[in-house]
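Novice: Coordinates only, no sequence provided:
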């Protein structure tokens, strides 16, 4: 095998997001339910025998040391592989949106290079590497379409959701995760949730505890939620923002969101994914 082309990296939505505490090392303890959606970046990988790791941006320009490059470097350092790769990246998922695009790219990179380099690492071993890169990366490696997340992102309990369609609206302004989690007013003592309570109302359960901070830093978040509410939708922010979303029972309602949103917003109708498109790309634990 010399190359892998058209490797997808799907986005995610946080159906809810609570902060339940903070560890002594500063990492926040979270509870969330995440679902994959069919808004994807596309990556290409070509084997390099000289050990070099290079990246070509096929769309928007990325930082030189982004998560894709870091994932490849971390995988090689962990395994001692002498192989390299040239990676092409077509970005479609907007950055600083709370959609997990960078984390998903890193996860798909680990899965693809594990196959291309014939390393044979299990999904759990890749997730351990992924957690060093970012809290959301293990979710994109667990293989399912949805997961109940706890801890700092490493505790994942897969579950199945009924089919759903969402409208996602991303304003021009983005939000940095560090800015949200470092805010003094962030609520860090949300009451722990239980999965049975969530299962009774998966698309209306809980809230995003990061949203009040995000709305202060980026008033466009509140504007997006008001836009959705004006069309009878229960909207909320995903992740650390700035994208907002809502479940839509009727495609016509999603079209109305796109028509009423400011022209410089990105609005997309997405479907939930039942499984990760690369779900069979790494072996499970023996």
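Specialist: Alright, I've got the coordinates. Computed from a prediction, not measured in an experiment: that's the story for all the values here. Residues are numbered from 1 along each chain as shown.

Novice: Show me the shaky parts of this protein.
Specialist: Along the chain, the parts satisfying pLDDT under 70 run over 286.

Novice: and with 80 instead?
Specialist: Low-confidence segments of the chain, defined by pLDDT under 80: 285-286.

Novice: spatially speaking, which residue is in the middle of it?
Specialist: Central residue check for the chain by Cα atoms, centre = their mean: the C-alpha nearest the mean position is that of residue 100, 2.3 Å away.

Novice: That one and residue 138 touch, don't they?
Specialist: No. Between residue 100 and residue 138 there is no contact under Cβ atoms under 8 Å: 11.4 Å. For the C-beta atoms, the positions are set from N, CA and C on the backbone; glycine is no exception.

Novice: Doesn't residue 39 lie inside a helix?
Specialist: No. Assigned with DSSP: H, G, I helix; E, B strand; the rest coil, residue 39 falls outside any helix and is strand.

Novice: which secondary structure element contains the residue lying closest to it once chain neighbours are set aside?
Specialist: Once flanking residues are discounted, residue 39 sits nearest to residue 11: 4.4 Å by Cβ to Cβ, 6 or more residues apart in numbering. Counting by DSSP states H and E, the element that carries residue 11 is strand 3-22.

Novice: Count the residues that sit near the residue nearest to residue 158 when sequence neighbours are not counted.
Specialist: Once flanking residues are discounted, residue 158 sits nearest to residue 144: 3.9 Å by Cβ to Cβ, 6+ apart. When counting by other Cβ atoms under 10 Å, one arrives at 20 neighbours for residue 144.

Novice: can you map out the helices along this protein?
Specialist: For the chain, the helices defined by DSSP state H cover 67-79, 101-116, 123-133, 137-141, 177-181, 195-200, 211-217, 219-230, 251-260.
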